[in-house]
Every structure is written in structure tokens, then in C-alpha cells.
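Asks: sequence and predicted structure are below.
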Amino acid sequence: MGKSISFENRDKLIQIGITIATLRRMRGMSQETLAEKANISRSQLSSIEAPGLAHNFTIEVLLNISKALEVDPAELIRASVIPDALLNVKKQN
């Protein structure tokens with residue numbers, strides 16, 4: 001995909017990828033197994049899960065992954081986003 005990812009979306013895509021990787025591991029699935037169930041290549045899944053890298057992917061891929069993980073797609077997004085209220089809490093001394 002030739003378009004660059006905005007800074008704001010970059011962090012969210014990274015968080016979604018980390019969430020997918022975490023759920024996959026919790027379910028005892030390899031990347032190969034999840035990729036096969038989601039009808040994507042293992043290399044695409046690897047790119048999505050790569051920590052620190054933002055990989056843009058389609059809603060269809062998100063839907064396929066969520067179905068393979070047996071979670072609602074909204075849960076993948078919700079679980080991967082740290083609410084601004086938590087991020088903006090000032091540190092107590």
C-alpha cells in the first residue's frame with residue numbers, strides 16, 4: 001500500500017497488532033495457524049503483529065482475524081486503544 005500512515009493512526013495500528021499477537025498466543029495458535037484460519041499469508045500476519053511497525057491492512061483482514069480468534073472485531077480495536085483519560089493522568093508524587 002503506497003499511502004503513508006498518519007502519526008495518529010500509526011500508534012493505533014501498532015496497538016492492534018500487539019493485541020492480535022497477544023490473543024493468538026493466549027489461544028496457543030502459531031502465526032501459520034491463525035493466518036490460515038484468517039485466509040491471509042503468514043508474512044502479512046507477521047507484518048501486522050510486528051511490534052514497533054505499523055502495517056496498514058483492510059477491514060476485511062481485521063474481520064477475518066477476529067473471526068479466527070473468535071472475538072468481536074470491535075473488541076480487538078477497543079482492547080488495543082489506551083483511553084486518553086488514562087494517558088493524560090498526571091503522575092502523583
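Replies: Yep, it's here.
Asks: and Gln31, what is it in contact with?
Replies: By CB atoms under 8 Å, 6 or more residues apart in numbering, the contact list for Gln31 reads Arg24, Arg42, Leu45, Ser46, Glu49. For the C-beta atoms, the positions are set from N, CA and C on the backbone; glycine is no exception.
Asks: most surrounded residue in those?
Replies: Neighbours here are counted as other CB atoms under 10 Å. On that basis the top member of the contacts of Gln31 is Leu45, with 27 neighbours.
Asks: pull up the gap between Arg25 and Ser4, please.
Replies: Here Arg25 is placed at a distance of 30 Å from Ser4 (CB to CB, to the nearest Å).
Asks: same list (the contacts of Gln31) but as a markdown table, adding distance to Arg10, pLDDT and secondary structure.
Replies: As requested, the contacts of Gln31 are exported to a markdown table (distance: CB to CB, whole Å; pLDDT from 0 to 100; DSSP: H, G, I helix; E, B strand; the rest coil):
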| residue | distance to Arg10 | pLDDT | secondary structure |
| --- | --- | --- | --- |
| Arg24 | 21 | 96 | helix |
| Arg42 | 23 | 97 | helix |
| Leu45 | 19 | 97 | helix |
| Ser46 | 18 | 97 | helix |
| Glu49 | 15 | 95 | helix |
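Asks: buried residues, stretch 66-85. List them.
Replies: Of the residues in stretch 66-85, those buried under the neighbour-count criterion (16 or more other CB atoms under 10 Å) are Ser66, Ala68, Leu69, Val71, Leu76, Ser80.
Asks: pull the distance from it to the chain's centre.
Replies: Here the centre of stretch 66-85 is set off from its chain's centre by 8 Å, with CA atoms, centre = their mean, to the nearest Å.
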